[in-house]
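> generate a structure from the sequence data that follows.
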Amino acid sequence: MSSYLSLSKRLLSRGLLLALMLTTSMVMVASAQEPVVGGTFRVAIPSVTSLDPLVIADDASFNVASQVYSSLVRSSINEEGVIEPIPDLAESWEYEEDGKVVIFHLRQGVTFHDGNAVFAEGEGREVVADDVVYSIERTLNTEGSTAALPDLVASFVSVEAVDDYTVKLTLNQPNALLFSGGRGLSATVIYPHEAVEQLGEELANTPIGSGPFEFVEYVPDDHVTLQRNEDYWIQPNLDEVIFQIIPEDSVALIALEAGEVDMILNTPEQDISRLREDANYTLRGGICPVADQFIFPLTTPPFDDVNVRHALAIAVDGNAISRAINPETHIDGCGAAGPGVTGYDPDMCTKYFTYDPEQAVAMLNEAGYTDSDGDGVLDKDGTPLTVEIEVWSEYNQARYGEAVATQLRDIGVNVDLQVVEFGTAIDDFIAGVPKLQSMFGFCGEGGTTGLWGTDGFATAMGSDQFPDAQALLTESNTMVDRDERDAAVRDAANQLYSQYVSIPVGFTQSFFATSSKVQDFGGVLWWFNIVTETNNTWISE
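Sure thing, here's the model as predicted:
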């Protein structure tokens, strides 16, 4: 049996873990100064949709929840800039039966937070293997769970408590993405069953876990306050963390420069170069290119006609739109996997999405949509061709939506653009509300499977009508050879995008910024690493 360290090295050599190399500027380096104990770390986030990871679909909300909850492992970036799993509740783990069984050895003495509605002060009970079993089963079996990701669902057989500190996870096949930096098993946090049973839906507003910080309060649309967990197995340097809810990136930047917050999750495009050159701030890049696209409601007329989808897709010059909105962070491309990510196809844009508004009109005419009354709007049997577009109110998405709407209107499409809060957009997407839905995300290893795979995020939008592509994505999770997996994901992606499942608008590289006072911060992945085995954030004076 091997320790998690030697196992990680072996898995890396076999291509099981994401091997995206980041530049030195993307890795937070621990300061040589003596850490300051105490103080408050203030982080600006755009929104909070829930504090229960079972239903969280956005990074910002999980960034908050990941301070309250423990998981078996966290994702981190090592000194070589490679994403790897690091211990959290599990001190170590090893594979058995050719990768179909994973044995986790739990850290002893970890307790759930006390001084709350479930556990009285001094009575936070120990986290044991039964809690892990309960939490994994809750994640996988609860209807509407967004944490039940396809890569784990497809391979899961059972989970059992061998003893109080040993968990046996059995799979039906090796799972190459089990510890994916995107999410993988680390999306499953450990709940006390008492909190779920006693608090019910209120758990979404008052989380109780065993992580480095305890929940204090959540004021919707304003802030979430957390305080140091004095009983955590690592003593946090910080007294408290305050997540300040600031929807607008430009307003968040003003707060950073005014010293009202210490960190912003997304740096406005026009300010990236300036902050990069300012010694008062530290600018860091995200782990991979973020896929930007507008996904069709694939089973709703007229979008159930692939020719209509094709026409609408080539009526939009997606990469040009992204270049105009984000000239410094835009990356050309189409699909769900960007450069350097498994499944990336550099030719996908030219194969399927060459901008051609004249051909788009001809195709719509052939599908029966013409301007029969001369009002400039295409119609069929007197009914205008109408496209409802729904975008988030964050991350420049309103600008993307307006640009896409303008180009569709230019060919005679009646467009209704709707800008909504992130929570509303996610709820509508999961519900399959028949609108052209913006979906910016799912970058990294497993991103294509997470979005388009069997039981993937886009299932409600009709992606299950492509079972062959979904099956191939599911199968790709078992391929330990990265080149083999890359070919399979690329093949599946071509099957999907040749059917015009979305309108791609390129990729973007996100950047977060901190005050130069922030030291030893572990980076922004799906997990927000403030206190881990490899880092312990503090604020210099």
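> break this structure down into its structural domains.
4-285+511-539, 290-508 (automatic domain parsing).
> spit out the contact partners of the residue of the chain positioned farthest from its centre.
Using CA atoms, centre = their mean, the residue of the chain lying farthest from its centre is Asp373. It sits 45.8 Å away. Asp373 makes contacts with Asp379, as judged by CB atoms under 8 Å, 6 or more residues apart in numbering. (C-beta placed from N, C-alpha, C; glycine too.)
> how far off centre is the longest helix along the chain?
Longest among the helix segments of the chain by residue count, using DSSP state H, is helix 482-497. Helix 482-497 sits 20 Å away from the centroid of its parent chain (CA atoms, centre = their mean, to the nearest Å).
> still on that earlier bit, helix, strand or coil for the residue farthest from the centre of the chain?
Recorded secondary structure, Asp373: coil (DSSP: H, G, I helix; E, B strand; the rest coil).
> what comes up buried for stretch 495-509?
Neighbour-count burial for stretch 495-509 flags 495-497, 499-509 (criterion: 16 or more other CB atoms under 10 Å).
> Val505 reaches Ala313, doesn't it?
No - using CB atoms under 8 Å, Val505 makes no contact with Ala313, being 10.5 Å away.
> which residues touch stretch 191-209?
With contact meaning CB under 8 Å, 6+ apart, stretch 191-209 is reached by 50-52, 55, 65, 68-70, 112-113, 116-119, 125, 127, 131, 134-135, 138, 189-190, 215, 218.
> and the helix or strand containing Ile321, average pLDDT?
According to DSSP states H and E, Ile321 maps onto helix 318-325. Over the span of helix 318-325, the pLDDT mean works out to 95.
> so which bits of that helix are buried?
Neighbour-count burial for helix 318-325 flags 318-323, 325 (criterion: 16+ other CB under 10 Å).
> surely Glu217 touches Val224?
Yes - if you go by CB under 8 Å, Glu217 and Val224 touch, sitting 7.3 Å apart.
> per-residue pLDDT of Tyr69, please?
96.
> typo on my end, it should be Leu140
pLDDT for Leu140: 88.
> what's the helix or strand where it lies in contact with?
Leu140 is part of helix 129-141 when elements are defined by DSSP H and E. Residues outside helix 129-141 that contact it (CB under 8 Å, 6+ apart): 54, 72, 89, 104, 106, 145, 147-148, 152-153, 156, 159-167, 169, 187-193, 196.
> now, those residues that are in helices?
152-153, 193, 196.
> mark which of those residues are buried, thanks.
Applying 16+ other CB under 10 Å to the ones in helices among the contacts of helix 129-141 flags 152-153, 196 as buried.
> which one of those residues is nearest to Gly285?
Nearest to Gly285 among these, counting by CB to CB, is Leu152 at 27.8 Å.
> and the closest residue in space to that closest one that isn't next to it in sequence, helix, strand or coil?
Once flanking residues are discounted, Leu152 sits nearest to Leu185: 6.2 Å by CB to CB, 6 or more residues apart in numbering. Following three-state DSSP, Leu185 is assigned to helix.
> for the stretch 1-150 of the chain, what spans make up the strands?
All strands of the stretch 1-150 of the chain, identified by DSSP state E, counting those that start in this stretch, fall at 40-45, 73-77, 83-87, 90-96, 101-106.
> next: the stretch 201-350 of the chain.
Counting by DSSP E, counting those that start in this stretch, the strands of the stretch 201-350 of the chain are 213-219, 223-228, 240-245, 263-264, 281-285, 290-295, 330-331.
> nearest to Leu473, out of the ones you listed?
The nearest among the strands of the stretch 201-350 of the chain, by CB to CB, is strand 290-295 at 14.7 Å.
> who touches the closest one?
Everything outside strand 290-295 that qualifies as a contact, by CB under 8 Å, 6+ apart, is 318, 322, 335-338, 389, 400, 404, 429, 436-443, 447, 458, 461, 501-510.
> go with 6 Å
336, 436-440, 442-443, 461, 502-508, 510 (CB atoms under 6 Å, 6 or more residues apart in numbering).
> who does that strand pair with, and is each partner parallel or antiparallel?
If you go by DSSP bridges, strand 290-295 pairs up with strand 436-441 (antiparallel), strand 502-508 (antiparallel).
> for His113, give me its contacts.
So His113 contacts 124, 208, 214 (CB under 6 Å, 6+ apart).
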